[in-house]
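Engineer: Provide a 3D model corresponding to the input given below.
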Amino acid sequence: MLEISETGRTWLLSGPASSYAVHLTGDDVLLHLHWGARIELADAEELAARPLPAERGFESPLDGREEYPVEGGPRFVRPALSVRTGERRGTEWNFESYETAGDPEGEELRLRFRDGGLAITLHYRMRGDVVERWVALDNQGPEAMELLRADSATWTLPDREDWRLSHLHGRWAAESRLTSAPLTYGEKVIGSRRGHTGHQYLPWVALDTDATEERGEVYGCALGWSGSWRIAVAQLSDARVQITGGVGHDESGLLRLAAGESFTTPVFAGLWSDGGFGGASRAWHAYQRAYVIPGADQDRPVLFNSWEATEFDISEEQQGALARRAAAIGVELFVVDDGWFGARTSDRAGLGDWTPNRDRFPGGLKPLADHVHELGMQFGIWVEPEMVNADSELYRAHPDWVQYQPGRKRTEFRNQLVLNLAREDVQEYLWGHLDALLTSAPIDYVKWDFNRSFTDAGWPGDPYPQRLWIDHVHAFYALLDRLRAAHPGVAFESCSGGGGRIDLGVMSRTDQVWTSDNTDPLDRLAIQHGFGQIHPARVMAAWVTDSPNAMLNGRVSSLRFRFVSAMAGVLGVGGDLTRWSEAELAEARQWVDLYKGIRPVVQRGDLHRLRPPRGGLSAVQYVLGDETVVLAWLQAQSYGEPVPALRLRGLDPTASYECLETGEVHRGAVLLHHGLHVGLRGDLDAAVLRLRRI
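Structural biologist: I've put the predicted structure just below:
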């Protein structure tokens, strides 16, 4: 809901539980008024009537109070907007007008400002209790201007003491690790300088003072951008806190806008919740399922991926044998990973040549895809369109199509180079080959990978080569959008060596994401715990692979533990099924059947984190309507120490619940106590409980 004061200078957006208010002063200064529990318009007007602090020689009354601080004038905080035009730098803007736009999913507020030829529009939209903010910049003047910095939003927190900052950090194979620490004076900056979202941080932060998992106020912000980005959390000298975020990692220049050109920032979304970190997560998940993720009401299928079973050594016959075993255990989607195209017998050749290898697939992909469909499964493939090997037909024909700096050595990570997707000829090449590929065979699913970061991000001959940092991402989005429109039945997964490209921007164009290349079931508990702080299980792909875990750590784990770990998201299997015993295959079939029964609750239910993965017992719970599912893991147990009981959440304490099924059929056991507590038997390492209200 959007309300506007009679003066037309105070605006209040409200959701079911929260409100967001801004006010334009008589001097045309846009101030932040309120973000938090729901208030009335009269409350916002009362806040607007309060005067700013008096000016002092070394301090600005605008700092920490301005809604979208620009560079220039009496401001000293980090600017959200920095513009250079001719010999001038900075912005001296004036308010022009406001307008509202009707939207079935939320009314939008637009505040229009102008600085000479630059039109600046601040956009706001409330979806549930999530506030979406973004900025549109339009050069309506006669001369070009350079955008040095154009952040999507600055968020201002209420005056509190002892703020605590939480965010997700990591690296390849150890993504999404949750960390929290007291916020101190100065700035905490996270981001990516890599051209993609990155394994090191996810573009999300949360701040609180005393919140627990289920109680207390939590403020969170998440950026929808799949390239380089930056979020800065600043505690100013007067203890006020602001969060500024957007595209790019520094102020060296984002784009040059010629006369008539425009730029729209990605959405930087904000959420207030008084339900603790768990309540904030559930609100984020509901928002993404309702407004971000395509077809989120459709449950994702159980998949098999061939990579860990075969790596590059693949053939049509071998993939067919794996497909028959996968179908026998109940898999619904069979995916051929790397190695099906060009001269791709290792990671040294073939990238860029997106036609099937005729030695391995004599009839192309269609015979295998048809066989997979006859087995009752969907068919999928792996691609990495934004990359190229030097040993490829594409590179030999177009060596100038890659990012590079003239006179410098071209860095090759994983023996590959990054295509300059900002070029229109590269975009058309990829569109033509990918469209032809998806037309050539009945392909239902594409795993889209991105296995190296930008290093030599140059574009010789272009008058403003640094624009490729922005234009590459826009071209990636446009290519995905075009392919989805032309092939509406094809699902896409975002992958970047695991979790290197996970954000609200890519999630609005893909059906799921590959969370991490780390498939060790114990390591994945911590990764999935962090991922779930912001993103829902509906998009979190997780695989059951072989034991010992040969890829990373050699850890031995039971098939039960591996399955229950992966069942916390979108279940997949990635082991070499031709080496699994008949007993293992039979047990796997039971687990897959059980997952299909609980899948709607896991993928679409409300998540409750019962115990975090810090050793000992950990567990999560999902609630959807009258059903609830509990997944529990016993990571370690001291001799003689009883396994603690788990108190379930999100249920009606006055109702009764029947136990529909447990891990009993897989030699597991979960005991129900007093309708609201469960305990895990001490001789088990994982279990599943499914309850229904009666």
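Engineer: Residue 575 - how many residues pack around it?
Structural biologist: Using other Cβ atoms under 10 Å, the number of residues around residue 575 comes to 21. The way it works is simple: take the backbone N, C-alpha and C, and place the C-beta from them, glycine included.
Engineer: I meant residue 408, not that one.
Structural biologist: Residues contacting residue 408 under the criterion other Cβ under 10 Å number 10.
Engineer: quick one: secondary structure of the residue nearest to it when sequence neighbours are not counted?
Structural biologist: Nearest residue to residue 408, sequence neighbours excluded (Cβ to Cβ, 6 or more residues apart in numbering): residue 456, at 6.3 Å. Look at residue 456: counting by DSSP: H, G, I helix; E, B strand; the rest coil, its state is coil.
Engineer: so how far is residue 402 from residue 456?
Structural biologist: From residue 456 over to residue 402 the distance is 8 Å, taken as Cβ to Cβ, to the nearest Å.
Engineer: How about residue 316?
Structural biologist: Taken as Cβ to Cβ, the spacing of residue 316 relative to residue 402 amounts to 32 Å.
Engineer: Looking at the two, which one has more neighbours?
Structural biologist: residue 402 (23 against 20).
Engineer: residues contacting the closest residue to that one other than its chain neighbours?
Structural biologist: Leaving aside its sequence neighbours, residue 402 sits nearest to residue 417 (Cβ to Cβ, 6+ apart; 4.3 Å). Residues near residue 417 by Cβ atoms under 8 Å, 6 or more residues apart in numbering: 387, 388, 389, 390, 395, 402, 403, 404, 410.
Engineer: Which strand residues bridge residue 219?
Structural biologist: When assigned by DSSP bridges, residue 219 has beta-bridge partners residue 207, residue 272.
Engineer: That one contacts residue 35, correct?
Structural biologist: Yes. Between residue 219 and residue 35 there is a contact under Cβ atoms under 8 Å: 7.3 Å.
Engineer: got any residues that touch both of these two?
Structural biologist: Common contact partners of residue 219 and residue 35 (Cβ under 8 Å, 6+ apart): 155, 157, 270, 272.
Engineer: which residue sits closest to residue 542, ignoring its sequence neighbours?
Structural biologist: Closest to residue 542 by Cβ to Cβ, 6+ apart is residue 566, at 4.0 Å.
Engineer: Kindly report the same for residue 173.
Structural biologist: Spatially, and ignoring its direct neighbours in sequence, residue 173 is nearest to residue 518 (4.1 Å; Cβ to Cβ, 6+ apart).
Engineer: Beyond the longest strand seen in the chain, next helix or strand please.
Structural biologist: Counting by DSSP state E, the longest strand found in the chain is strand 145-156. Sequence order places strand 164-169 as the next helix or strand after strand 145-156, per DSSP states H and E.
Engineer: Could I get the contacting residues of the residue nearest to residue 542?
Structural biologist: By Cβ under 8 Å, 6+ apart, the residues touching residue 566 are 521, 524, 542, 543, 544, 572.
Engineer: again with residue 542
Structural biologist: Residue 542 makes contacts with 515, 519, 524, 528, 565, 566, 567, 568, 569, 570, 571, 572, as judged by Cβ under 8 Å, 6+ apart.
Engineer: Could you tell me which of those residues are located in helices?
Structural biologist: Among the contacts of residue 542, the ones falling in helices (DSSP state H) are 524, 528, 565, 566.
Engineer: How about stretch 367-377, which residues are buried there?
Structural biologist: Neighbour-count burial for stretch 367-377 flags 368, 369, 371, 372, 375, 377 (criterion: 16 or more other Cβ atoms under 10 Å).
Engineer: now it, how far from the centre of its chain.
Structural biologist: In this view, stretch 367-377 has its centroid 32 Å away from the chain centroid, taken as Cα atoms, centre = their mean, to the nearest Å.
Engineer: Now for the ones in helices among the contacts of residue 542, which sits with the most neighbours around it?
Structural biologist: Neighbour counts for the ones in helices among the contacts of residue 542 (other Cβ under 10 Å) peak at residue 566, which has 27 neighbours.
Engineer: nearest spatial neighbour of the residue positioned nearest the centre of the chain, skipping sequence neighbours?
Structural biologist: Residue closest to the mean C-alpha point of the chain, counted by Cα atoms, centre = their mean, is residue 503 at 2.7 Å. Spatial nearest neighbour of residue 503, chain neighbours left out: residue 197 (4.8 Å); criterion: Cβ to Cβ, 6+ apart.
Engineer: neighbour-wise, which of residue 219 and residue 35 wins?
Structural biologist: Using other Cβ under 10 Å, the more surrounded residue of residue 219 and residue 35 is residue 219, with 24 against 20.
Engineer: Could I get the pLDDT score of the closest residue to residue 465 other than its chain neighbours?
Structural biologist: Once flanking residues are discounted, residue 465 sits nearest to residue 459: 3.7 Å by Cβ to Cβ, 6+ apart. Listed pLDDT for residue 459 reads 96.
Engineer: does residue 459 really touch residue 419, like I thought?
Structural biologist: No. Assessed by Cβ under 8 Å, residue 459 is found out of contact with residue 419, at 11.6 Å.
Engineer: Which neighbours do those two have in common?
Structural biologist: When contacts are counted by Cβ under 8 Å, 6+ apart, residue 459 and residue 419 are jointly contacted by residue 403.
Engineer: ok now stretch 568-583, how far from the chain's centre?
Structural biologist: Relative to its parent chain, stretch 568-583 has a centroid offset of 26 Å by Cα atoms, centre = their mean.
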